[in-house]
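Chemist: Need the 3D shape of this:
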Amino acid sequence: MTNEQLLIKYSEIERKIHPIVEFLEENKTKYKDLYKGIITLQSPIVFQPEIFFLGVNPGDGAYNELNQKNAETIETPLRMIGKDERFKKGINWFEKGNAYGQKVNGKWEGYEWYQKNKPINNSFPKRMIDLLYEIGKHKCVGYSNDTELFWYNTLGKSIMYSNLYPIATTNITDLYKILNSIAKVNQLNLLWENQENPNNWDVRKFFIKLTDELIDLVKPKIIVCLGKSAFDDFLFKKHDNNKKVYKSKKNNISVIGFSRQGNWSGLLSEVADKIVKANYDK
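Modeler: The predicted model follows:
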C-alpha cells in the first residue's frame, strides 16, 4: 500500500475526532491553561513498520514553539491531515539538532544523531535513538557502533510513532482534566455511545478504538508502549507496578511496554532484548 493510499484511509479515521477538535478550538479560552493543540501522528505513516511506538499523548513542545514570541497569543497547533503540511513529515528523531545540540557563542549549533559525544538537546529522542541502537545490535548482522547507517537505513526508516490521545497537554494530569470535562459535553455524547453518565474512561475508549483502527491499517510487526499508562490503557488492564518492563499481546501482535519514571535509560537494553525475542527471533 502506497503512502498516499495510507493517508487517504487514515484521514477517514482521523475525521472521527473532528467534533472534539472543533469543540476544543471553540473553547480555547476555557481550556487555556490545559489544551495545547492536536497532533494526530508523530511520524510519517508507514505500512507494516518494524516497530509501532505508542505513547499516551503529545506534549506542549509545538504549542510553546508557536507562542514563545507573544505571551498573549493563544495559538494551538493542529497537526492533522489538511490542516498542517508538516503532518506528512512528522517528527524525525534523526533530524540534525533534535537529539544533540547547543548554543555556541549565542548561535545554535545542531549535531547529527550519531554524534553521541555532543551535548544533549532533547533527552527523549536521544533515549529513543539509544533504544534503536540496542535493537540494531540484535537485528543487524555485523553491527558495530561505527556502522550506524547499517541499521538506520533498514530499522531506522521502518518505525511509526503515535499516541493514544492526540490532545496535547503539558502533563498527563492536564490531559485527564480535559477528558473529564469533555465527557460531560452533550454535543459530544454520541461519540461515547450515548452513555447516561459518561466519564473520562468512556472518552479514552473512544480514542483507543481509533488507535486500534490505525494499527489494523498499518499492520505493525510489534507495538512498543512508551510508559505504563500507555500500556495499561491500550490493553484495558492494570499491570504490576513493581515491574519496569511489560509484555503482552493484542490482536495477535506482541506488545512491549516499559516504565518512563525517572531516568529510564537503564531499561533500554532489557526493552530491546524483549522486543527482539518477541518478534525478530520467530
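Chemist: how deep is residue 24 tucked in, by neighbour count?
Modeler: For residue 24, the tally of surrounding residues (other C-beta atoms under 10 Å) stands at 23. Quick note: C-beta positions are derived from backbone N, CA and C, even for glycine.
Chemist: now do residue 77
Modeler: Residues contacting residue 77 under the criterion other C-beta under 10 Å number 23.
Chemist: is it true that it touches residue 61?
Modeler: No - checked against C-beta atoms under 8 Å, the pair residue 77 and residue 61 is beyond contact range at 9.3 Å.
Chemist: quick one: the helices in this structure?
Modeler: Under the criterion DSSP state H, the chain contains helices at 3-14, 18-26, 61-67, 86-89, 123-139, 149-152, 172-182, 200-218, 228-235, 268-275.
Chemist: Those helices: which one's closest to residue 256?
Modeler: Minimum separation from residue 256 across the helices of the chain (C-beta to C-beta) falls at helix 268-275, 5.2 Å.
Chemist: Only alpha carbons, please: show that closest one as PDB.
Modeler: Presented in PDB, the C-alpha positions along helix 268-275 are these (Å, rounded to 0.1, in the frame of the first residue of the first chain):
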ATOM      1  CA  LEU A 268      16.800   0.200  27.200                       C
ATOM      2  CA  SER A 269      18.900  -2.900  27.000                       C
ATOM      3  CA  GLU A 270      16.200  -5.000  28.600                       C
ATOM      4  CA  VAL A 271      13.500  -3.400  26.500                       C
ATOM      5  CA  ALA A 272      15.500  -4.100  23.300                       C
ATOM      6  CA  ASP A 273      16.000  -7.700  24.300                       C
ATOM      7  CA  LYS A 274      12.300  -8.200  24.900                       C
ATOM      8  CA  ILE A 275      11.400  -6.600  21.500                       C
END
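Chemist: I'd like the mean pLDDT over that helix, please.
Modeler: Taken as a whole, helix 268-275 carries a mean pLDDT of 88.
Chemist: i'd like the first residue to be 59 from this point on
Modeler: Okay, residue one is now 59; in that scheme the one you just asked about reads as helix 326-333.
Chemist: I'd like the distance from that helix to the chain centre, please.
Modeler: In terms of C-alpha atoms, centre = their mean, to the nearest Å, the centre of helix 326-333 is found 19 Å from the chain centre.
Chemist: still on that earlier bit, check the helices of the chain for me and report the most buried one.
Modeler: Mean neighbour counts were compared across the helices of the chain using mean count of other C-beta atoms under 10 Å; the top stretch is helix 286-293, at a mean of 21.
Chemist: Which pLDDT value belongs to residue 200?
Modeler: Reading off the confidence values, residue 200 has pLDDT 52.
Chemist: ugh, typo on my part, it should be residue 281
Modeler: pLDDT for residue 281: 96.
Chemist: what mean pLDDT would you report for stretch 297-309?
Modeler: Over the span of stretch 297-309, the pLDDT mean works out to 84.
Chemist: same check, this time on stretch 184-195
Modeler: Computed over stretch 184-195, the average pLDDT equals 86.
Chemist: hmm, back to that, among the helices of the chain, which gets the worst mean confidence?
Modeler: With a mean of 56, helix 144-147 has the lowest mean pLDDT of the helices of the chain.
Chemist: picking up where we left off before, minimum distance to residue 108: which of the helices of the chain has it?
Modeler: In terms of C-beta to C-beta, the element of the helices of the chain nearest to residue 108 is helix 181-197, at 8.3 Å.
Chemist: Tell me which other helices or strands that closest one touches.
Modeler: Contacts defined by 3 or more C-beta pairs under 8 Å, 6 or more residues apart in numbering; DSSP states H and E place helix 181-197 against helix 207-210, helix 326-333.
Chemist: got the contact list for stretch 275-282?
Modeler: The contact list for stretch 275-282 (C-beta atoms under 8 Å, 6 or more residues apart in numbering) reads 64, 67-68, 71, 103-112, 218, 273, 292, 308, 311-316, 329, 333, 336-337.
Chemist: Same question for stretch 297-305.
Modeler: With C-beta under 8 Å, 6+ apart as the test, stretch 297-305 has contacts from 283, 286, 289-290, 306, 312-317, 325, 328-329, 332, 336.
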